[in-house]
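**Q** Generate a structure from the sequence data that follows.
(4 chains)
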There are 2 protein chains.
Amino acid sequence: MTEGAITGSMSTGWVRGSRPPTLDQVAELAGVSRATVSRVINGAPTVDSKIRATVENAIAEIGYVPNLAARSLVTRRTDSVALVISESDVRASGAGFLNQVFTDPYFGRITAGAQEVLRRNGIHLVIIPADAAAQQQVVGYLRQGHVDGVLLISSHHTDPLPQQVSGLAIPVVISARPAHRIPASYVDIDQGLGASLAAEHLYARGARRLATITGPLDTAAGHDRLDGFRKTLATHGIADVPYVESDFTRAGGEDAARDLLAGHPDLDGLFVANDLMASGALQVLQDLGRRVPDDVAVVGFDDSSAALACRPLLTTIRQPVEEMAGEMARLLLAHIREPDRLPRSVIFQPTLVVRQSA
Amino acid sequence: MTEGAITGSMSTGWVRGSRPPTLDQVAELAGVSRATVSRVINGAPTVDSKIRATVENAIAEIGYVPNLAARSLVTRRTDSVALVISESDVRASGAGFLNQVFTDPYFGRITAGAQEVLRRNGIHLVIIPADAAAQQQVVGYLRQGHVDGVLLISSHHTDPLPQQVSGLAIPVVISARPAHRIPASYVDIDQGLGASLAAEHLYARGARRLATITGPLDTAAGHDRLDGFRKTLATHGIADVPYVESDFTRAGGEDAARDLLAGHPDLDGLFVANDLMASGALQVLQDLGRRVPDDVAVVGFDDSSAALACRPLLTTIRQPVEEMAGEMARLLLAHIREPDRLPRSVIFQPTLVVRQSA
DNA sequence: CTGAAAGCGCTTACAG
DNA sequence: CTGAAAGCGCTTACAG
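**A** Just a heads-up that it's a prediction; the model follows:
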């Protein structure tokens, strides 16, 4: 690697390192009190329009920006919230965890949905990945008061973060029903219904030798989707449903599909607990010479962008992730506004989206 | 969707909505002055060990956490920095942009590399996606002083953010050489060298009918990789190198590969400007019955996790993204500590990683 | 090594 | 509608 020096000067009016302009300086320049400047900045209606104009000019001329620390010291607000993506599983820690986060469209949808409503309310969103090694540092960040609230994405039953964060002084909304009963609002989807939809569709197509690739079984999405799939098939007299537990990644889906086909080469119906794993499974089926859906019909879960990247297009269970994240944001905003508000849960319903793979 | 009420009580000592304990309360309980408590908290060496113990007990008993706003009002530090992922292209705005970010392993590697050095220094990292619609809100966030510095990921020549952010009072380190000469530190890779490595390897393998799939040509990574590829082949007497411009996504790579093969069915060597597009191209080549590398040899760029997910395994140009991000973090820390430090650039060298596809 | 006091830059009752 | 003043919760010279 090589280094070079870069020259040039700042383009701002005041030099980096010197102090930024304060409200007092604006007041002096405009010839009014600090209180008046403060009112103008905060849009108080009770300000004479001429004075308002004078103050606004002074603000522009001087390049004034309110100091967040000073402001939030008195208002006790920062106008920003954190989206914490938690992963308590140490096996998936560090770079591996970040690779998973930045490779799964699910998190992008969550972010998009939350952004949408937050932005409209003038609230900033910051994303904080919290793998096992970073969890305590993240809790520290939240306790210090950097943000007004937290949207917590957590999936493993053993994850201590929901418990810890809900014990903080700051409002939190969780992305799924917490494993332990804690007094926090959460948004979830009816996992069992989704799995049931998949089972019924595969059965109705005529599939009888069914199997499933699950997510980690210590997550609700992993466990409940397997459970719902089996229970529904049981009502049709199909008792034994082979499954392989995997990890919600594409590569994991490939491995699981290979395992499954090795043990059950005559499969004709496959339910995969998310689209990313399904895309991997589809690849393996193709490599092994199986036609989809003719030889084996495949149903995914999520209806993410990965479903549309599949060949054939993936039939899947739609989870309205963006709306769910939007609802999380709305709940959080409500809790921030009314600290005494009681926690509540909001459960969304999944739907079947039929495309080509089943 | 259905709603439910959740009951339960808080597990903390003090109730949400009431005020958190202050340093004064700790001082009173410990029977010392606020200054002493402050010194204990900040690890000042000049504190009697008995007094220190007393204070620490009081802190623990009362569950005291320093108030960030009050602290940073005087220290002018927040001990956190932002990783801003900027996308000025309005076509890729909103949900599309977030889907791209959370689908490309590149950003996970950047985050991992930066986290590594930041965490060691006790600095928090928050990630902020900034698509065209959000850029001004993000600039506002940075100006207010939420963070001590910013790591800026920006690629389009027309992106106004590098310019704007470097005009702020806060230190910034950019992920690539800025299009316009602005006084900010940046870290980059020798793009031309990378492309040259790819060209030489394909040529040495015997490929003579070469083509390339580029990134957006208004980015350095898009433009310089195309340019370097062509220039190197020109030295071997290969003048006309067909190319298709794409967008660094997997789906974009698929489309581009289809276009390229339609116009040039006799291709025997392909350089794809990143691994994600290469994985899509590989898929298309397979669909069209081309054997890789026998019929057409393929070289990617990045050496990301996508390269290892390819069949055959992708030969690619390794970009040490984690180290580059680590260097960005180190530079930023230095600028935060010494505000007068001069900007500098650090350029890394790519290497060829030979696997199966070429 | 410890404490009293000033000050960081805002907002917000409270008067007028 | 506007201003003087108190106060938010810390840190840090300055004395001692």
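**Q** I'd like the next helix or strand past the strand or helix carrying A:Val173.
**A** A:Val173 belongs to strand A:172-174 when elements are defined using DSSP states H and E. Using DSSP H and E, the helix or strand that follows strand A:172-174 towards the C-terminus is strand A:185-189.
**Q** Give me the sheet partners of that following strand and which way each runs.
**A** In the sheet containing strand A:185-189, its partner strands are strand A:172-174 (parallel), strand A:344-348 (parallel), by DSSP bridges.
**Q** Chain neighbours aside, what residue packs nearest to the residue most central in space within chain A?
**A** By C-alpha atoms, centre = their mean, the mean C-alpha position of chain A lies nearest to A:Ile110, the distance being 3.7 Å. Setting aside the residues directly before and after it, A:Ile110 is nearest to A:Ala325 in space (C-beta to C-beta, 6 or more residues apart in numbering or on different chains), at 4.5 Å. Any C-beta I mention is one placed from the backbone N, CA and C, and that applies to glycine too.
**Q** do A:Ala334 as well
**A** Closest residue to A:Ala334 apart from its sequence neighbours, by C-beta to C-beta, 6+ apart: A:Arg341 at 5.9 Å.
**Q** Quickly note the distance from the one you found to A:Leu314.
**A** Computed as C-beta to C-beta, to the nearest Å, the A:Arg341 to A:Leu314 distance reads 39 Å.
**Q** Whichever helix or strand A:Ala334 is part of vs strand A:344-348, what angle?
**A** With elements taken from DSSP H and E, the one containing A:Ala334 is helix A:321-337. Calculated by axes from the mean of the first three to the mean of the last three C-alpha atoms, to 10 degrees, helix A:321-337 forms an angle of 170 degrees with strand A:344-348.
**Q** one step back: hmm, A:Gly108 and the residue nearest to A:Ile110 touching each other?
**A** No. At 10.3 Å, A:Ala325 does not count as touching A:Gly108 under the criterion of C-beta atoms under 8 Å.
**Q** tell me how far stretch A:313-333 is from the chain's mean position?
**A** In terms of C-alpha atoms, centre = their mean, to the nearest Å, the centre of stretch A:313-333 is found 9 Å from the chain centre.
**Q** ok, back up a step: would you reformat the strands paired with strand A:185-189 as a markdown table and include mean pLDDT and mean neighbour count?
**A** Supplementary listing: the strands paired with strand A:185-189 in a markdown table, determined by pLDDT from 0 to 100; neighbours: other C-beta atoms under 10 Å in any protein chain shown:
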| stretch | mean pLDDT | mean neighbour count |
| --- | --- | --- |
| strand A:172-174 | 97 | 28 |
| strand A:344-348 | 97 | 18 |
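**Q** For DNA strand D, find the nearest of those strands.
**A** strand A:172-174 (21.3 Å; C-beta to the nearest atom of the strand).
**Q** and A:Arg341 and A:Leu314? which has more neighbours close in?
**A** For A:Arg341 versus A:Leu314, neighbours defined as other C-beta atoms under 10 Å in any protein chain shown are more numerous around A:Leu314 (29 against 14).
**Q** That one contacts A:Ser279, correct?
**A** Yes. Here A:Leu314 lies in contact with A:Ser279, judged by C-beta under 8 Å, at a distance of 7.1 Å.
**Q** Overlap in contacts, those two.
**A** A:300, A:306-307 (C-beta atoms under 8 Å, 6 or more residues apart in numbering or on different chains).
**Q** Helices of chain A, start to end?
**A** A:23-30, A:34-41, A:49-62, A:68-75, A:94-101, A:105-120, A:135-144, A:161-166, A:191-204, A:220-234, A:250-263, A:275-287, A:305-309, A:321-337 (DSSP state H).
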